[in-house]
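K.L.:
have a look at this prediction, sequence included:
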Amino acid sequence: MDAVVTAGGIPRPDELLYPYTLGEPKAMLDICGKPMVQWVLDALSDATRVDRVVLIGLTEDSGVTCAKPLTFIPNQLSMIENILGGINKVLEINPSATQVLIVSSDIPGITSEMVDWEVETTSQYDVDLCYNVTTRETVEARYPGSRRTYLKLKDIEACGADLNVLHTSVVSMNMDIWEKLTASRKNPIKQAAMLGFDTLLLVLLHRITLENAVKKVTSRLHITGRAIISPYAEMAMDVDKPHQLEMMRADLATRVKH
């Protein structure tokens, strides 16, 4: 499977990471002597189930590398356009591609084993979207104090992960819906509200299961999908705030020592 890595985010002056980035891409934040995105590329390099990588938002001048064939494309106008642009580039390189691994550049804790697990798990499902969630227990056991945003459903309390799989057919999906969902991706209640009052009410009352939530979401979006419960907290540990950056620096320093 080919992978698309999104690395186009540049924190604005009013965002918490701006003092660390000062107008530069968040993906280039230093973590234990190398850019944050390089940790992600290293995981993809060692993954046996990844064939090629498309990197969005950086250039060859950034100095990042990958053992797999690596293609750089410029940042697009929005996150969803970055994702769609990456998928289109994958199809240009490999017209027979049916699924694409979408990886955020700010989950430096992932490893090649986790990437291979994701590809092997999702390859068995012929759906438009395989979306990973990680339970609160899993995340907080691995990263206590990370202060992630969780959605409490009837059968699970979880947060979204930033390592997912999309079918290449999504390039023809309704852009407006994806833009809204992407803009509110850190706020599950806003997402539920966009999908309808009934869904919002069920979420607020914790009366809906994960399976039924997926059915409602995919029905409203007119796509097929499946939620995958990931056993790996690293997939959901994206660096959005200074304390999360310092947490990952401390965590990955132990990996470097070993």
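P.N.:
The structure has been received and is ready for your questions. Residues are numbered from 1 along each chain as shown.

K.L.:
quick one, strands of the stretch 101-250 of the chain?
P.N.:
With DSSP state E, counting those that start in this stretch as the criterion, the stretch 101-250 of the chain has strands at 129-135, 151-152, 157-160, 163-167, 225-229.

K.L.:
and of these, who's closest to E92?
P.N.:
Smallest distance to E92 across those (CB to CB): 16.1 Å, for strand 163-167. The C-beta positions use only the backbone N, C-alpha and C, and glycine is treated the same way.

K.L.:
what comes up buried for the closest one?
P.N.:
Buried residues in strand 163-167, counted by 16 or more other CB atoms under 10 Å: L163, N164, V165, L166, H167.

K.L.:
likewise for stretch 89-109?
P.N.:
Buried residues in stretch 89-109 (16+ other CB under 10 Å): 89-91, 97, 99-109.

K.L.:
which of these sits closest to A27?
P.N.:
Closest to A27, out of all of the buried residues of stretch 89-109 and judged by CB to CB, is S105, at 3.9 Å.

K.L.:
and the pLDDT for that closest one?
P.N.:
pLDDT, S105: 97.

K.L.:
phi and psi next, for it.
P.N.:
For S105, the backbone dihedrals (degrees, to the nearest 10) come out as phi -80, psi -10.

K.L.:
now for it: which residues touch it?
P.N.:
Shown in contact with S105 (CB atoms under 8 Å, 6 or more residues apart in numbering): V5, T6, A7, G9, K26, A27, M36, V37, V40, G57.

K.L.:
OK, contacts around the fourth one?
P.N.:
Applying CB under 8 Å, 6+ apart to G9 gives the contacts P25, K26, A27, G57, M79, S105, D106.

K.L.:
what about 10 Å?
P.N.:
The contact partners of G9, taken as CB atoms under 10 Å, 6 or more residues apart in numbering, are 15, 17, 21, 25-27, 57, 75, 79, 82, 104-106, 240.

K.L.:
pick the one among those residues closest to T121.
P.N.:
T121 lies nearest to S104 out of the contacts of G9, by CB to CB, at 18.1 Å.

K.L.:
just give the closest residue to the closest one, not the sequence neighbours.
P.N.:
Excluding the flanking residues, the one nearest S104 by CB to CB, 6 or more residues apart in numbering is D162, at 3.7 Å.

K.L.:
wait, doesn't the one you found sit right on I110?
P.N.:
Yes - the pair D162 and I110 qualifies as a contact (CB atoms under 10 Å) at a distance of 8.9 Å.

K.L.:
what about those two, which has more around it?
P.N.:
Taking other CB atoms under 10 Å, D162 and I110 do not tie; I110 has more neighbours (24 against 20).

K.L.:
residue contacts, T138?
P.N.:
Counted by CB under 10 Å, 6+ apart, T138 has contacts A158, C159, I229, S230, P231, Y232, A233, E234, M235, A236.

K.L.:
which of these tops the neighbour count?
P.N.:
Of the contacts of T138, with other CB under 10 Å as the count, M235 tops at 29 neighbours.

K.L.:
for M36, see how far away that residue is.
P.N.:
15 Å (CB to CB, to the nearest Å).

K.L.:
what do you get for D116?
P.N.:
Note on D116: its distance to M36, by CB to CB, is 21 Å.
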